[in-house]
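A.B. asks: below: sequence and its predicted model.
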Amino acid sequence: MSRPGKRNLITDVDGISVGNAEDQSARSGSTIILPDEPVVTSVDVRGGAPGTRDVDALEPGCVVETVQAVALSGGSVFGFDAASGAASWLSQQGRGVAFGGATIPVVPSAILFDFPIGGDRDWGLLPPYRDLGIQACESAGKDFSLGNVGAGYGATAGSLKGGLGSVSMVTDDGIQVGAIMAVNPFGSVVMPGTDAFWAWPWAVGDEYGGKQPQPDVPTADDANPFQVMIDKGVGNTTIGVVATNVALDKSQAKRVAIMAQDGIARAIRPVHTPVDGDTIFVLSTAQREPVAPSVAAVGQLGMMAADCVARAIARGVFAAEHLGDFPGYREQHNGQI
C-alpha cells in the first residue's frame, strides 16, 4: 500500500530540504532543492525550448556521479544566477569537491520563462537571482508553501496563474518518492469546459479540490491552441525534481526521469510543445537498499514518480493566487481563495 507522507511534500523523502526566495517587484523567484549529502542525479528534457545548465554531465557515462543541489528558477536566462548563488553558498559551507584551494559544488539547474506575468525587470547589471539562490539555501527546510512561491512565483499555466507544487508517496515497505514542480506550461492543466484538472484521476483525497468531470464531457476541444504562438508569441516550461530514498545509479535514475515525464503528459494538454522545455531531475538519497538488478523495482519507482509529478502540477496551480492578468484556479473556477 502507498500513501502521501506526513507533509505531502518532496521533503518527506529522507535527506531532502527545499528553500524558496522571491523578488516581488520582479514577480519572480527561485527554488533550491538541497540534499543533506551529495546525491546521484540524472535528468530528462523534453520540448522545443529548454533552458538548462550542467545537465549533460548528468548523463550515464559522464564523470559527474553526484550533485550538491538542484536549482529551479524563473527569470529566463537570468535565472541561472540562482544556481551560481547556491554554488557560492555551498562552497562556503565546504560542500563540494576540494581542488586548488577551493570547494567546487555541482548545481545543475533549469529555468522557466515567467516574463508574461509582468514585473519590474529594470535591474541593470545585477539581476536578483544570485541573491535569491543564496536566500533560498539559507531558508531551506522541511516545510514550505505552495503556489506563488519560489520558482513558481511568476509562473503561468495557460490562461491561469501557475505555481509551485509538491507531493509525496510512501509505501509500507519504506520506499519514498516525492516531486516538486514549477508549473509554467503553454498548455492547460484544466479539462475544457470543466473545473476538473487533467490530473484528477491521480488525486489523493482533495489535495487539489476533488473536482471530477461529468461522464459526457469531451476530453478535448476543437480549438487550435498553437494559434496563440502565432498571434502573441509565448515562451513557457514546466520544470521540477523527483527524489527517492532508494539507491539508484545514474542509468536507473535516468529511466525514472524518463518515466516521470509521463506525469507532465497526464496533467497538461498540449505538452512538450515547441515553446516548452519540460525538464525533470531525479535525485537518489540512497538511504534505502539498492534496487539493482531488479528491473521491476526501477519500473515501480518510475510509476510512482509519474503519479507524483501529475499530482504536483495540479497542486501547484490549485494553490496559486491571482497575479497580474492571470487569475488563480480557485478564483476562476469556484470563487474560493
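C.D. replies: Thanks, I have the structure now. Since this is a predicted model, take the numbers as computed values, not measurements.
A.B. asks: surely residue 317 meets residue 197?
C.D. replies: Yes. With contact defined as C-beta atoms under 8 Å, residue 317 reaches residue 197; the gap is 7.5 Å. From N, CA and C alone the C-beta is placed, and that goes for glycine too.
A.B. asks: overlap in contacts, those two.
C.D. replies: Listed contacts common to residue 317 and residue 197 are 189, 208; contacts here mean C-beta atoms under 8 Å, 6 or more residues apart in numbering.
A.B. asks: just the strands in the stretch 1-150 of the chain please.
C.D. replies: 2-3, 16-23, 28-35, 39-45, 52-53, 66-67, 70-73, 97-99, 102-104, 109-111 (DSSP state E, counting those that start in this stretch).
A.B. asks: including distance to residue 179, mean neighbour count and mean pLDDT, could these go into JSON lines?
C.D. replies: Shown next, in JSON lines, are those (distance: least, C-beta to C-beta, whole Å; neighbours: other C-beta atoms under 10 Å; pLDDT from 0 to 100):
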{"stretch": "strand 2-3", "distance to residue 179": "14", "mean neighbour count": "14", "mean pLDDT": "94"}
{"stretch": "strand 16-23", "distance to residue 179": "11", "mean neighbour count": "24", "mean pLDDT": "98"}
{"stretch": "strand 28-35", "distance to residue 179": "11", "mean neighbour count": "30", "mean pLDDT": "98"}
{"stretch": "strand 39-45", "distance to residue 179": "13", "mean neighbour count": "23", "mean pLDDT": "97"}
{"stretch": "strand 52-53", "distance to residue 179": "18", "mean neighbour count": "18", "mean pLDDT": "97"}
{"stretch": "strand 66-67", "distance to residue 179": "17", "mean neighbour count": "20", "mean pLDDT": "98"}
{"stretch": "strand 70-73", "distance to residue 179": "12", "mean neighbour count": "32", "mean pLDDT": "98"}
{"stretch": "strand 97-99", "distance to residue 179": "28", "mean neighbour count": "10", "mean pLDDT": "91"}
{"stretch": "strand 102-104", "distance to residue 179": "28", "mean neighbour count": "13", "mean pLDDT": "94"}
{"stretch": "strand 109-111", "distance to residue 179": "14", "mean neighbour count": "30", "mean pLDDT": "98"}
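A.B. asks: quick check: which of the ones you listed is nearest to residue 177?
C.D. replies: With C-beta to C-beta, the closest approach to residue 177 among these belongs to strand 2-3: 8.7 Å.
A.B. asks: parallel or antiparallel, which strands does the closest one pair with?
C.D. replies: strand 163-171 (antiparallel) (DSSP bridges).
A.B. asks: if you count neighbours, what's buried in the strand it pairs with?
C.D. replies: Within strand 163-171, the residues that qualify as buried are 163, 164, 165, 166, 167, 168, 169, 170, counting by 16 or more other C-beta atoms under 10 Å.
A.B. asks: element containing the closest residue to residue 265 other than its chain neighbours, please.
C.D. replies: With C-beta to C-beta, 6 or more residues apart in numbering as the criterion, residue 265 has its nearest non-adjacent residue at 5.1 Å, and that residue is residue 271. Following DSSP states H and E, there is no helix or strand that holds residue 271.
A.B. asks: count the neighbours of residue 271 for me.
C.D. replies: 21 (other C-beta atoms under 10 Å).
A.B. asks: relative to residue 290, how far out is it?
C.D. replies: Per C-beta to C-beta, to the nearest Å, residue 271 is found 32 Å from residue 290.
A.B. asks: and the next helix or strand past the lowest-mean-pLDDT helix or strand in the chain?
C.D. replies: Lowest mean confidence among the helices and strands of the chain (mean pLDDT, DSSP states H and E): helix 227-231, at a mean of 52. Per DSSP H and E, helix 227-231 leads on to strand 239-246 as the next helix or strand towards the C-terminus.
A.B. asks: show me where the stretch 151-300 of the chain has helices.
C.D. replies: Remark: helices assigned in the stretch 151-300 of the chain by DSSP state H, counting those that start in this stretch are 227-231, 250-267, 295-319.
A.B. asks: residue 88 is nearest to which of the ones you listed?
C.D. replies: helix 250-267 (26.0 Å).
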